[in-house]
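S.K.: build me a structure from this.
(one chain, ligands or ions: 1)
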Amino acid sequence: MLHDLFYKAKNHFKTSKPFVLYRKPSESTVNGVFQKDDVLHYVEDFSKTGFIFAPFNTDDRIVLLQSDEKHEAEYIASESIKDLASLSVVQDDAQKEFHINLVHKAIEAIENAGVKKVVLSRKLEVGTRKSAFTLFDALLASYSNAFCYLWYHPKVGLWLGATPEILLRTENKQLKTMSLAGTKKVEEGKAPVWGTKELEEQKLVTDYIVAALESSVDNLTISETESVRAGSLWHLRTSVSGRLATYNLKEIIAALHPTPAVCGLPKAQAKAFILENENYAREYYTGFLGELNFKEENFRSSNRRNRENQAYKTVKNTTSLYVNLRCMQLKDKKALVYVGGGITHESDPEKEWEETVAKSNTMLKVVL
Ligand SMILES: C=C(O[C@H]1C=CC=C(C(=O)O)[C@@H]1O)C(=O)O
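M.R.: All right, here's what the predicted structure looks like:
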């Protein structure tokens, strides 16, 4: 039962032991991974099994939560969760001014320094008395097609999110990923109309992913680009899939992360711009998280009469990683909410600010 899973996680939290609770997009099962001690494990070569939590900056280490115990429960909507109301958050003028200046600076770098796109972000702080578990419950109730999670390690911190973006999924050698970028606010009853700015910024991501995978993935298939809804926002999404020539997760992740959906192009220049000019550390925002090398058992039986004797088992090695977007960190009774957006030569600084405000509502709607 969900109640028992939450109870177990609460006990882990009280005794300062690492755990993660999560639900995959459009699934009803809530999973729990529990580590029995508070050791901080790191990913070395992506060969181990566990739940990983990676920062944006690839120079920093990736945390591996050991899966000493795993439990799951079906999600049942709690009666106490009400429809999320529309929000009015007091605007932070100093942050607005800083962000708009930052966007101007990026446009200058795009016009003069050979940068094509850079994703700029900020962190906002709001007080909250709600517990991490109440907030996670609200995320589950509100964002059924997102990857919703609550992650805790006493030596790292407490993070929550509801992200619409997959970094990659592998099933043995079969690979799926996506290019997700471009944002528009949902107007109920209306389909989104995309401008060249959004179409171009999303295409840059698709082209980058295809180029990054071309040499190591066979039968690369690229879908049509479609509009997908994430809460009260629309994004553009293209799915990319294929078969890994050799199963080398470390190499594939290094080729993909950070994609231009969260960093920019060219990658090194955009990353340097971000580290130099954003006035805070992203930490795990725009990093990635999820299951690493989980084993999935499949039972199959042939059509013969004695099915039981013919049944056989196959074990699949699966990895499901998500980009850490629409997320927050809980610290000292405060929610630190992280938001950003892609800047191109066509960006309007005021609109880019508005976009970060709209994205911040995904978390603020449950916090406030
Ligand atoms: C960087 C974020 O979103 C990315 C994913 C979808 C759309 C995006 C955009 O329109 O800029 C961003 O690339 C964020 O939500 O903080």
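S.K.: can you list the residues of the stretch 101-250 of the chain near the ligand?
M.R.: Contact residues of the stretch 101-250 of the chain with respect to the ligand, defined by C-beta under 6 Å from any ligand atom, are listed as 119, 121, 165, 180-183, 235. Every residue, glycine included, has its C-beta placed from N, CA and C.
S.K.: and with 5 Å instead?
M.R.: 180-183, 235 (C-beta under 5 Å from any ligand atom).
S.K.: now the helices for the stretch 251-368 of the chain?
M.R.: Taking DSSP state H, counting those that start in this stretch as the criterion, the stretch 251-368 of the chain contains helices spanning 267-277, 307-310, 349-367.
S.K.: next: the stretch 51-200 of the chain.
M.R.: So, for the stretch 51-200 of the chain - with DSSP H, counting those that start in this stretch - the helices run 93-112, 132-142, 196-213.
S.K.: point out the most buried one among these.
M.R.: Among these, judged by mean count of other C-beta atoms under 10 Å, the one packed with the most neighbours on average is helix 132-142 (a mean of 21).
S.K.: measure how that one sits relative to helix 349-367, angle-wise.
M.R.: Following axes from the mean of the first three to the mean of the last three C-alpha atoms, to 10 degrees, one obtains 110 degrees for the angle between helix 132-142 and helix 349-367.
S.K.: same for helix 132-142, what does it pack against?
M.R.: Counting contacts by 3 or more C-beta pairs under 8 Å, 6 or more residues apart in numbering; DSSP states H and E, the secondary-structure elements packed against helix 132-142 are helix 2-14, strand 147-153, strand 157-163, helix 349-367.
S.K.: mind doing that once more with 10 Å?
M.R.: If contacts are counted by 3 or more C-beta pairs under 10 Å, 6 or more residues apart in numbering; DSSP states H and E, helix 132-142 sits against helix 2-14, strand 19-23, strand 29-34, strand 147-153, strand 157-163, strand 327-331, helix 349-367.
S.K.: what comes up buried for the fifth one?
M.R.: Translated: strand 157-163. Buried positions in strand 157-163, judged by neighbour count with 16 or more other C-beta atoms under 10 Å: 158-163.
S.K.: the closest residue to the ligand within the stretch 101-250 of the chain pairs with what?
M.R.: When C-beta to the nearest ligand atom is the measure, the stretch 101-250 of the chain has its nearest residue to the ligand at residue 183, with 3.5 Å between them. On DSSP bridges, the residues paired with residue 183 through beta bridges are residue 235.
S.K.: show me what contacts residue 180?
M.R.: Under the criterion of C-beta atoms under 10 Å, 6 or more residues apart in numbering, the contact list for residue 180 reads 163-166, 202, 205-206, 228, 230, 235-239, 259, 261-262, 323, 325.
S.K.: can we see that at 7 Å?
M.R.: With contacts defined as C-beta atoms under 7 Å, 6 or more residues apart in numbering, the neighbours of residue 180 are 164-165, 235, 237, 261.
S.K.: dump those residues to JSON lines, plus pLDDT and neighbour count.
M.R.: Formatted as JSON lines, those follow (pLDDT from 0 to 100; neighbours: other C-beta atoms under 10 Å):
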{"residue": "164", "pLDDT": "98", "neighbour count": "23"}
{"residue": "165", "pLDDT": "98", "neighbour count": "26"}
{"residue": "235", "pLDDT": "98", "neighbour count": "22"}
{"residue": "237", "pLDDT": "98", "neighbour count": "23"}
{"residue": "261", "pLDDT": "98", "neighbour count": "28"}
